[in-house]
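**Q** when you get a sec, could you give me coordinates for this:
(chains A and B)
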Amino acid sequence: MFAPTQSKNGKAVPILIGVIAFIVLIAAVVFLKGGRFAKLEALPVAQYLEGPTDFLGNEYALKAQIDSQLKWDKAIGRLVAVNVESGRHRLPVFVPAKIEQNLQTGQRYEMHVRVETGGLIYVEALRKY
Amino acid sequence: MWKRYVSISLGLGGSIASVLGQGVATTSPSYVAPAAQPTQIASQVPTGGMLESNTFLEMSDRVFNPNSDSLDFEEGSFNWKGRSFNLADQRAFRARFERFLLSTPSKESAEYAALMREIMDRLSVANSNNDETIQETWQLLFVAGEFDQDGGNSVVVANQVFNAWRIRKESRGTAMSQIELEELRRNQQEVVANRERMIRKLKERRERETSVETRKESAEAEGEGEIAGEAAFRALDLAETEAKLTALEARAAATGLQAKLQFQSQIVAFLTQRRFQHALLLSGFYQLLFKGSHQQLEVNSDELSAFFPNSDLSFTVDTLSYVSREAINDIDTGVEAITVAYNEGRKLVALERMQEIFFLGEYMPELDTISVVARREFLDLYRGMLEARELAEAKDYASVLEQAKKLGAIARDFPESRVIASVESAMSMSDMAVFAASQYRNIGEIDKAREELRNAIEIWPSNPSIRDFQRETTQLATAGSQGERVFDDLMARNDFRGIYERRMELGFGLAADTERKPQLMAVIDQVAKVDMLIAQARELDKQGERYAAWELLETARKIDSDDAPMNRALAELAPRVANFIGAVDKAQKHEANGEYAAALSAYMIAQDIYPASRICRIGIEVSANGLMRALAAENVVD
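**A** The predicted structure follows:
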């Protein structure tokens, strides 16, 4: 009488374990992939604008939309103006030539940035979001 | 005065770009581009004042000429339908015309007009014209001659008719004598012929009886001699009678011709004197008194040729009647046209037609139908236009304007606005010439200043600006003597505004100073630019463009940061653009320190406030370039 019931329970458990394992796997992949940005603090834009040099050497995450390209030098890189997602300001950011990625006006990026000499926002890495 | 000059300059469009370059305040174009100044001034002022002056005078000649085009006082003629009448000189015509406009028609005028109409009706070929009715009509001429309007011309007509009648009577007496003499001549011719026949017969008989007759020769020769002597006397009588007859015929012919010539001469005289009614009356009598074959005109051929130019027609009394009747009809029509034009307020047109009709029908009673009120208004208009013309010739523009307004009030068809525009144009040109003279004076071009002043006086002698110019020149001459010291003192204190405000006297005083004059020009140019920027900033601020206004003032501050008016304008504007100023200041500070990234951020903040900012656009460009250079130099890029 119990045999069919046991048989059903015996099949359901492995399936459940498999689903959980899949979810955990996906979460791990996502976590591992965004890990570099996730552990960074967001750039405090308002404070940065008040005193950019106060943030020299710091690294931040910055979510922004490309507004315009100010300068481009093949050997050096690009200087672009971006609209910060968290505020209503525009900021100049420098994307070095080593980041070989097409940057177009209107694209949204999550950036790993570092504040360099003179308050320059230097992009270490970026990805679309 | 300077403000006035500036306002004139601003109205000159393209030529005043340099004036705008100095602002709309009390500036002078001469100080913007000293090198190009003479050309610039020349472009603003007409080539000599004569052009504008002559244009105005031509206009005033046309507009203020109350005379009709038909009246040619230079040629002394009045043309009517291709016929030319002798016109008195203008003064005499004006006197007669004004006397007419001042006169008041009397009751007698109507009575006289009716009487003349009756006489003319009686003479019409439509009526039966026997000797009795002609005599009655003739007697009416003496009645008409009693009227003042007639001037005794009807009596002249009556005398001509009477003279014709008398000559006709004399002609009848001459005809009787002529018949008697012709009878006597016939008798005498018969006697002479008879005597000649007798002599011939005697000669024939003598030839036949030669031998016999030798005895009686002496006796017959004696009888033949008696007959030949009587025949000679009879022949003399006949010759005498024929001579008398010829003389009588010649006298009769001369008398008839004389009557006709006198009549025709008087008709022509009436016509040329514009006594059309009397010409018509005399023509009527002529046609009744003389045969149809005597209608050809045989008098005054030269005068008629002048009266009917370009005509090869042979003139008859009917021709003169036709012209007289046509003139009378034209006068009637003209009077109607004048009345209509007057009632519609077109008094200028009415006045012009009035003169034509007055000259043509000066002696016609129809003119008396024009009312006294209309005559007085015509007189006011006529006198007003003559006065305006004289004022225009004297170039008294203020009075011309006043007079034009008065004339415009009288006659709605008077071109008042054309006169005003022309006068104002002439006044402006004179002002411009004074302005140019001031400019030349201020840069030391005295000869050119004098020439421009002459132009200004030529265009408008009573221009009040000329007096102002002379007063200023006197003041400048006084102040100019201290020019060097004042200029050096102001330059030492960098008081450019002070120099600018004394630019006239300094320009006059330093005209010959090759060292200070260029400095003066440079200072004036600089302050003029600052003034222009201030003026433009104020205008933009009025339009709500406060950030743009601030940018212009910022530009002015870079030219002269100590200029008081500029700093006042900045101070007035600053509170309303504080956020923008703060961002720009911060950006410029970072830019100055070589902190290009920070400068870029600040410029972007400022640009977000005023997207069209020129300062931000340039600042971003400069900072971005600086940043890229720094990145390349410091090899920040890995």
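
**Q** what residues does chain A have near chain B?
**A** Residues of chain A found near chain B (C-beta under 8 Å from any C-beta of the partner chain) are A:48-49, A:52-53, A:70-71, A:73, A:75-77, A:79, A:81, A:88-92, A:94, A:96-98, A:116-122. C-betas here are computed from N, CA, C, even on glycine.

**Q** give me the neighbour count for B:Val530.
**A** Neighbour count of B:Val530, defined by other C-beta atoms under 10 Å in any protein chain shown: 26.

**Q** next, it: secondary structure please.
**A** Secondary structure for B:Val530, judged by DSSP: H, G, I helix; E, B strand; the rest coil, is helix.

**Q** gap between it and B:Phe496?
**A** Note on B:Val530: its distance to B:Phe496, by C-beta to C-beta, to the nearest Å, is 8 Å.

**Q** regarding chain A, what is its longest strand?
**A** strand A:59-73 (DSSP state E).

**Q** in whatever helix or strand comes next after it, what counts as buried?
**A** Counting by DSSP states H and E, the next helix or strand C-terminal to strand A:59-73 is strand A:77-84. Neighbour-count burial for strand A:77-84, counted by 16 or more other C-beta atoms under 10 Å in any protein chain shown, picks out A:77-84.

**Q** what's the first helix or strand after the helix or strand bottoming out on mean pLDDT in chain A?
**A** Within chain A, no helix or strand scores below helix A:35-38, which has a mean of 65 by mean pLDDT, DSSP states H and E. Later in the chain than helix A:35-38, the nearest helix or strand by DSSP H and E is helix A:45-50.

**Q** other residues contacting that following helix?
**A** By C-beta atoms under 8 Å, 6 or more residues apart in numbering or on different chains, the residues outside helix A:45-50 that reach it are A:54-55, A:84, A:86-87, A:89, A:91, A:115, A:119, B:601-602, B:605.

**Q** list the buried ones in that helix?
**A** Those would be A:45, A:48-49, for helix A:45-50 by 16+ other C-beta under 10 Å.

**Q** can you count the residues close to residue 62?
**A** Just so you know, I chose chain A. Number of residues near A:Leu62 (other C-beta under 10 Å) recorded here: 24.

**Q** my bad, the chain I had in mind was chain B
**A** Around B:Arg62 there are 10 other residues, counting by other C-beta under 10 Å.

**Q** before we move on, what about the one 3 residues further on?
**A** Residue crowding around B:Asn65 was assessed by other C-beta under 10 Å; the count is 14.

**Q** what do you get for B:Glu539?
**A** Neighbour count for B:Glu539, taken as other C-beta under 10 Å: 14.

**Q** do the same with A:Leu126
**A** By other C-beta under 10 Å, the residues close to A:Leu126 number 20.

**Q** tell me the bridge partners for it.
**A** Beta bridges link A:Leu126 to A:Met111 when assigned by DSSP bridges.

**Q** surely it and A:Gln107 touch.
**A** No. The criterion here is C-beta atoms under 8 Å, and A:Leu126 misses it with A:Gln107 at 9.8 Å.

**Q** got the contact list for the residue nearest in space to the middle of chain A?
**A** Residue closest to the mean C-alpha point of chain A, counted by C-alpha atoms, centre = their mean, is A:Glu110 at 3.6 Å. With contacts defined as C-beta under 8 Å, 6+ apart, A:Glu110 is in contact with A:37, A:61-63, A:126-129.

**Q** again with B:Leu510
**A** The contact partners of B:Leu510, taken as C-beta under 8 Å, 6+ apart, are B:480, B:483-484, B:487, B:516-517, B:520.

**Q** show me which of these neighbour chain A.
**A** Checked against chain A using C-beta under 8 Å from any C-beta, these yield no neighbours at all.

**Q** give me the pLDDT for residue 8.
**A** By default, I'm working from chain A. Listed pLDDT for A:Lys8 reads 57.

**Q** nope, chain B please
**A** Predicted confidence (pLDDT) for B:Ile8: 28.

**Q** repeat that for A:Lys63.
**A** 92.

**Q** apart from its neighbours in sequence, what residue is nearest it?
**A** Excluding its sequence neighbours, the residue lying closest to A:Lys63 (C-beta to C-beta, 6 or more residues apart in numbering or on different chains) is A:Glu85, at 4.1 Å.

**Q** return the distance of stretch B:602-618 from the chain's centre.
**A** Its chain's average C-alpha position is 66 Å from that of stretch B:602-618, according to C-alpha atoms, centre = their mean, to the nearest Å.

**Q** if we go by neighbour counts, what in that stretch is buried?
**A** By neighbour count on 16+ other C-beta under 10 Å, the buried set for stretch B:602-618 is B:602-610, B:613, B:615-616.

**Q** just the ones of those residues in strands?
**A** Cross-referencing these against strands under DSSP E gives no overlap.

**Q** and those near chain A, which?
**A** Near chain A, by the rule C-beta under 8 Å from any C-beta, you find B:602, B:604-605, B:607-608 out of the buried residues of stretch B:602-618.

**Q** looking at the residues you listed, spot the one nearest chain A.
**A** Nearest to chain A among those: B:Met604, at 4.4 Å, using C-beta to the nearest C-beta.

**Q** am I right that that closest one is in contact with B:Ile620?
**A** Yes. In this structure B:Met604 lies within contact range of B:Ile620 using C-beta under 8 Å: 7.0 Å.

**Q** hmm, back to that, I figured the residue nearest to A:Lys63 hits A:Gln65, correct?
**A** Yes. A:Glu85 is within contact range of A:Gln65, at 6.9 Å (criterion: C-beta under 8 Å).

**Q** quick one, domains of chain A?
**A** What the record gives for chain A is the domain set A:3-33, A:41-128, from automatic domain parsing.

**Q** what parts of chain B come near chain A?
**A** Within chain B, the positions near chain A by C-beta under 8 Å from any C-beta are B:590, B:594-598, B:600-602, B:604-605, B:607-608, B:620, B:624-625, B:627-628, B:630-632, B:634, B:636-638.

**Q** swap the cut-off to 10 Å and go again
**A** Residues of chain B found near chain A (C-beta under 10 Å from any C-beta of the partner chain) are B:583, B:586, B:590, B:593-605, B:607-608, B:620-621, B:623-632, B:634-638.

**Q** going by neighbour count, which residues in the helix or strand B:Thr133 falls within are buried?
**A** Applying DSSP H and E as the criterion places B:Thr133 in helix B:131-145. Neighbour counts using 16+ other C-beta under 10 Å place B:134, B:137-138, B:140-141, B:144-145 of helix B:131-145 among the buried residues.

**Q** can you tell me which of those is closest to chain A?
**A** Using C-beta to the nearest C-beta, these come closest to chain A at B:Ala144, 107.7 Å.

**Q** wait, the closest one touches B:Val155, no?
**A** Yes. At 8.3 Å, B:Ala144 counts as touching B:Val155 under the criterion of C-beta atoms under 10 Å.

**Q** picking up where we left off before, any idea which of the domains of chain A scores lowest on pLDDT?
**A** If those are sorted by mean pLDDT, domain A:3-33 sits at the bottom with a mean of 70.

**Q** does A:Val93 lie in a helix or a strand, and which?
**A** Using DSSP H and E, A:Val93 sits in strand A:90-96.

**Q** name the strands paired with that strand and say parallel or antiparallel.
**A** Strand A:90-96 has these strand partners (DSSP bridges): strand A:77-84 (antiparallel), strand A:121-128 (parallel).

**Q** about what we covered before: for PyMOL, write a command that selects the buried ones of the residues of chain B next to chain A.
**A** Typed into PyMOL, the line below selects the buried ones among these, using 16+ other C-beta under 10 Å:
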select buried, chain B and resi 583+586+590+595+596+597+598+599+600+601+602+603+604+605+607+608+620+623+624+626+627+628+630+631+636
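
**Q** distance of the closest residue to B:Asp148 other than its chain neighbours from B:Gln277?
**A** Nearest non-adjacent residue to B:Asp148, counting by C-beta to C-beta, 6+ apart: B:Glu108, 7.1 Å away. Computed as C-beta to C-beta, the B:Glu108 to B:Gln277 distance reads 16 Å.

**Q** and B:Tyr112, by the same measure?
**A** 10 Å.
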